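K.L.:
Let me see the structure of the following:
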Amino acid sequence: MDFYSITQWIYPLLDLIVMVLCFTMLRGPGGIMLGIAFLIMSVSSLSWPIAEWLANSKPGGQGDFYFDYSSIVAFGAYLVSSLLIIAGVINIGTSMRAVSTSAQPMMPTNTNDPYQTPTANIEATELGNANQFGNILFYLIPYLIGIVVMSVGFVILLDSYSSEAGMLVILFGVVLVLGGSIYLLVIIYRIWAFVINESNLLGLTPAIRSPGQAVGFMFIPFFNFYWVFQVYGKMANNINAIARQRGATQLMPEGLGITIPILIILTIIPYIGSIISLVVGAVLVPIFISQAIRMSGSLYRFSQSN
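P.N.:
All right, here's what the predicted structure looks like:
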């Protein structure tokens, strides 16, 4: 495989990384627009190596029409993504100007009850890069690179006589995916450790009794299909319960926590399940866990300051 063939698979990976950065690091409609734009660009970039593979599978140049369709798809995709990027940048720029012009020193408001518990301003309590829960990028980057490396390994395995080289590349990709997945389990363990401890301090009942149980039960065959509803589905619910007890008005959306387990179960469907698994692992889980990290970190800092 030459350098040109390899770069055809690297471009979609780079677009996916930028997409997830937009979804996880930027907030509001502007971040969503930019994330969708780079998702479209990733799909468009992926259409070129697929078109080349389909064209080479047709003898006598009969597959040239795949390149024609790929060119049309690429033009439409980049046109739509460019419009989304323009709209997203305008939205983010407008939001930043609005915040900068309206930002005034916060003065304490007088209340009739001097012993009233202060409200937790989750938006004002930023987490920063170094935190006790982890960084979702340390899961996402090895995971995405591993997927691309495995795809390249399968291409080498199918298009050449060197099966050993293809298997080695696939094995390297599997190691990267496993490494990222293990780090994700570490993040989940830390979040649930915080949720359980904080719930006990506030007199709440957490959905899971221990962080080791949260991670360990996901390795039980068949039972894990139920347990993911507890790990992901109840995570946002429990974090929001803590936030309400702290008087927070900014809550974590709970719908995504239910969507992820449902899609995980659908991964057992042949062929389609592989696509669903990629969407869950590369898009939905990073978005959800990054929100949980940000929310838990804000609540942790608020509890430490009071």
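
K.L.:
Just the element for residue 206, please.
P.N.:
If you go by DSSP states H and E, residue 206 is not part of any helix or strand.

K.L.:
let's have the chain start at 2 instead
P.N.:
With the count now opening at 2, the last piece we talked about shows up as residue 207.

K.L.:
could you list every residue that touches the residue nearest to it when sequence neighbours are not counted?
P.N.:
With sequence-adjacent residues excluded and distances taken as CB to CB, 6 or more residues apart in numbering, residue 207 is closest to residue 200, at 4.2 Å. Any C-beta I mention is one placed from the backbone N, CA and C, and that applies to glycine too. Residue 200 makes contacts with 206-207, 239, 242-243, as judged by CB atoms under 8 Å, 6 or more residues apart in numbering.

K.L.:
Mind giving me the ChimeraX select for the residues you listed, buried ones only?
P.N.:
The ChimeraX selection below is limited to those of those classed as buried (16 or more other CB atoms under 10 Å):
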select :207,239,242,243
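
K.L.:
Could you dump the contacts of residue 200 into TSV and include distance to residue 153 and pLDDT?
P.N.:
Below are those laid out as TSV (distance: CB to CB, whole Å; pLDDT from 0 to 100):
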residue	distance to residue 153	pLDDT
206	48	91
207	43	92
239	40	95
242	45	92
243	44	92
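
K.L.:
that older thread, so which strand or helix has the residue nearest to residue 207?
P.N.:
helix 164-202.

K.L.:
likewise residue 73?
P.N.:
Residue 73 belongs to helix 65-103, assigned by DSSP H and E.

K.L.:
now for the very next helix or strand once past that helix, which elements pack on it?
P.N.:
Elements were assigned by DSSP H and E; along the chain past helix 65-103, the next helix or strand is helix 138-160. If you count contacts as 3 or more CB pairs under 8 Å, 6 or more residues apart in numbering; DSSP states H and E, helix 138-160 packs onto helix 4-26, helix 164-202, helix 286-305.

K.L.:
and residue 280, which of these is closest to it?
P.N.:
Nearest to residue 280 among the helices and strands packed on helix 138-160 is helix 286-305 (9.5 Å), distances taken as CB to CB.
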